[in-house]
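Asker: Need a 3D model of the sequence below.
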Amino acid sequence: MYIYDKRDNVYLSNVFLNPLLQYGPLSNRQISKVDEIDSIKDSILLVESSLLSSEQILKIKNNNNYLVAFDINDNSALHQNYNLTKESLLIDLIFKFSGIHTTDTTDNLVVDTNFKFSNFPHALPGWEYYKVLRDSKRLVPMPYVPAIKEKDNPIVPFEFKRKTCIIRGGLHYIRFYLYLFLLKHNLIDENSGFNMDMYYKVNFTENMRFCHWCLMKYFSPSGITYFDYKQHPRNCCNQGCQDWQSDNVTNQLLDINDGARWNNKCIPAYYWLAEQWAKVHGKINTRALQTALNMKSNHTVGQFIGNALFYGEYKWIHCINLPQRHWFAAKEKTITLSPKKITTQSYFPEAIEDKHFVTFSNTFEDLPQSMEISKEKYEYISENCFSQYKKWVEPSKFKLNTNLLEYIFRCIEAKQALLESEF
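Answerer: Below is the predicted model of the structure:
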C-alpha cells in the first residue's frame with residue numbers, strides 16, 4: 001500500500017495522510033510514501049484527488065492498481081479533475097470530505113431584488129457518475145475534523161449557556177444572511193464574527209487584497225466602522241464585486257450561485273448589503289454588526305462556541321454542511337443549527353436531524369421557533385454529538401483519531417464504505 005502525496009492540500013497531508021503512514025505499521029499494515037506512481041503495479045495506491053487527471057487514472061488502472069482517492073474540494077460534488085468524466089468510474093474507493101448526496105437535487109437558496117428568499121432545486125454536477133459510485137458503496141463520507149486541537153474547557157451547562165446562536169468563519173455570502181436574520185431576532189451571540197485578517201494583510205495576494213483605505217481602517221483601533229463606511233470613497237474598491245457601489249440592486253448582484261462575487265470581499269460592501277436587506281426586513285443593531293465584521297481571528301474559538309446554545313452554519317450549494325466548527329461545537333456540547341437542506345446528505349459518523357443537529361427553514365422564516373429547545377432535547381442531541389467527538393474525532397496518539405484511522409483502513413480492505421455498526 002502506497003501514499004502518493006505532493007502536499008497540494010496541506011490539511012489532508014497533515015491531518016489524514018501522515019497519520020495513516022504512522023498508524024499503518026503499528027496495526028500490521030505495510031504502507032509507505034512514494035514520489036512517483038507510474039512504475040507502481042499490482043498495489044493499493046492512496047492519492048490526493050488534485051493529482052488525479054483522467055490520464056493519470058487510466059495509467060494507474062492499466063498497471064493493475066487498486067485506486068483510492070482522497071477527494072477534498074470544499075464541495076460534495078466530485079473533484080473537478082475527474083468530475084463529469086467516465087474515468088471517475090475507474091476509481092475503486094473515494095474518501096469524500098463531505099456528506100454523500102441521497103437525492104439528485106438539493107434546494108438552492110434564491111434571493112430577489114426585494115430580498116425575498118425562495119428555494120430552487122439544483123442538480124449535483126456529474127450526478128450520472130456520482131450515483132453509480134454511491135450505489136456501489138465506493139463513496140465514503142469523511143468527517144471534516146479540526147486541524148487544530150483546542151484546549152479542554154469546562155462544559156457550560158444548559159442553564160448557563162446563552163440562548164443564542166454563534167456564527168464564526170469567513171465572510172461568506174449566505175452565512176452573512178443567516179447572521180442578519182439572527183441579528184434581527186436578537187438571537188445572535190455577542191462573540192459572533194467573520195475572520196478576515198489575512199485578506200487585509202499587505203503581503204496577501206495582490207488581486208485579492210483590499211484597497212489602501214480599507215487596509216488602513218481595518219487595522220486601526222476601531223476597525224472599519226459603520227461611520228467609516230458612510231464616509232467611504234465609493235470608487236476605491238479594487239475587488240471583483242464593485243456593483244454595490246452604484247446602489248442599484250440587481251438579480252445578478254444578489255445571485256447566490258456567484259459566490260466569488262461576494263465571499264470574503266470588503267467590509268464596506270457588506271455594510272451596504274446589510275443596509276439594503278434592512279430596508280425590507282427591519283432595522284438591525286449596527287453596533288453588533290460592526291463588531292462582527294471587525295472580528296479578528298482567534299484560535300480559542302471553541303471556548304466562544306461553548307458559551308452559546310447553538311452554533312449556526314449556512315454554506316453554499318453542495319458544500320460541506322458539517323465543517324470543522326461542528327466538531328468544536330460537539331466538543332463543547334453546543335448544538336449545530338443548519339438549514340433543512342443538510343438532510344439531503346448522509347454522513348460519517350451519522351448525522352441525523354434532531355439527533356445530531358437542529359434545522360431551520362432554508363429560507364429563514366422559522367428561525368426563532370427552530371431555536372426553541374427543551375433541556376431534555378438539548379441534552380439528548382449534545383450528548384450524542386459529544387460521544388461522536390470522543391469516539392471518532394478527538395486525537396489521541398496521532399493527529400487523527402485512532403478509531404477513524406482504523407475505519408479508513410478497514411474500508412480500503414473491505415473495498416467499500418462501511419456503516420458504523422460494521423466497525
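
Asker: Quick check: the most centrally placed residue in the chain vs residue 245, distance?
Answerer: In the chain, the C-alpha nearest the mean C-alpha coordinate belongs to residue 323, at 3.8 Å (CA atoms, centre = their mean). Using CB to CB, to the nearest Å, one gets 31 Å for the distance from residue 323 to residue 245. Quick note: C-beta positions are derived from backbone N, CA and C, even for glycine.

Asker: still on that earlier bit, now do the residue nearest to the centre of the chain, the pLDDT please.
Answerer: According to the prediction, residue 323 has pLDDT 88.

Asker: tell me the contacts of residue 131?
Answerer: Contacts here follow CB atoms under 8 Å, 6 or more residues apart in numbering; on that basis residue 131 touches residue 104.

Asker: hang on, the earlier thing: angles on the backbone of the residue nearest to the centre of the chain, please.
Answerer: phi -80, psi -180 (degrees, to the nearest 10).

Asker: Does it touch residue 143 like I think?
Answerer: No. Using CB atoms under 8 Å, residue 323 is not in contact with residue 143, being 10.1 Å away.

Asker: what about residue 140, which SS state?
Answerer: strand (DSSP: H, G, I helix; E, B strand; the rest coil).

Asker: in the stretch 301-423 of the chain, which spans are strands?
Answerer: 308-312, 335-339, 345-346, 358-360 (DSSP state E, counting those that start in this stretch).

Asker: With residue 226 as the reference, measure out to residue 274.
Answerer: 9 Å.

Asker: quick one, which of the two is more surrounded?
Answerer: residue 274 (21 against 16; other CB atoms under 10 Å).

Asker: correct me, but that one touches residue 184?
Answerer: No. In this structure, residue 274 is not within contact of residue 184 by CB under 8 Å, at 10.5 Å.

Asker: hey, what's in contact with both of the two?
Answerer: Common contact partners of residue 274 and residue 184 (CB under 8 Å, 6+ apart): residue 284.

Asker: Output the strands of the stretch 301-423 of the chain as a markdown table; include the columns mean neighbour count, distance to residue 251 and mean pLDDT.
Answerer: Formatted as a markdown table, these follow (neighbours: other CB atoms under 10 Å; distance: least, CB to CB, whole Å; pLDDT from 0 to 100):
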| stretch | mean neighbour count | distance to residue 251 | mean pLDDT |
| --- | --- | --- | --- |
| strand 308-312 | 28 | 26 | 97 |
| strand 335-339 | 26 | 21 | 97 |
| strand 345-346 | 18 | 28 | 94 |
| strand 358-360 | 21 | 25 | 97 |
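
Asker: Show me the one of these that comes nearest residue 98.
Answerer: Closest to residue 98 of the strands of the stretch 301-423 of the chain, according to CB to CB: strand 345-346, at 7.2 Å.

Asker: quick one, helices of the stretch 201-350 of the chain?
Answerer: Residue ranges of the helices in the stretch 201-350 of the chain, as given by DSSP state H, counting those that start in this stretch, are 212-218, 226-230, 259-262, 267-281, 286-293, 301-306, 324-331.

Asker: Deepest-packed of those helices, please.
Answerer: Between those, helix 324-331 has the highest mean count of neighbours, a mean of 25, where neighbours are mean count of other CB atoms under 10 Å.

Asker: tilt between it and strand 335-339?
Answerer: Relative orientation of helix 324-331 and strand 335-339, computed by axes from the mean of the first three to the mean of the last three CA atoms, to 10 degrees: 140 degrees.

Asker: helices or strands up against helix 324-331?
Answerer: helix 301-306, strand 308-312, strand 335-339, helix 375-388 (3 or more CB pairs under 8 Å, 6 or more residues apart in numbering; DSSP states H and E).

Asker: Need the CA coordinates for that helix. CSV is fine.
Answerer: Output of helix 324-331 as CSV, limited to C-alpha atoms (Å, rounded to 0.1, in the frame of the first residue of the first chain):
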residue,chain,number,x,y,z
GLN,A,324,-14.7,21.8,11.4
ARG,A,325,-16.5,24.1,13.7
HIS,A,326,-19.3,21.5,14.0
TRP,A,327,-16.8,19.4,15.9
PHE,A,328,-15.7,22.3,18.0
ALA,A,329,-19.4,22.7,18.9
ALA,A,330,-19.7,18.9,19.6
LYS,A,331,-16.8,19.1,22.0
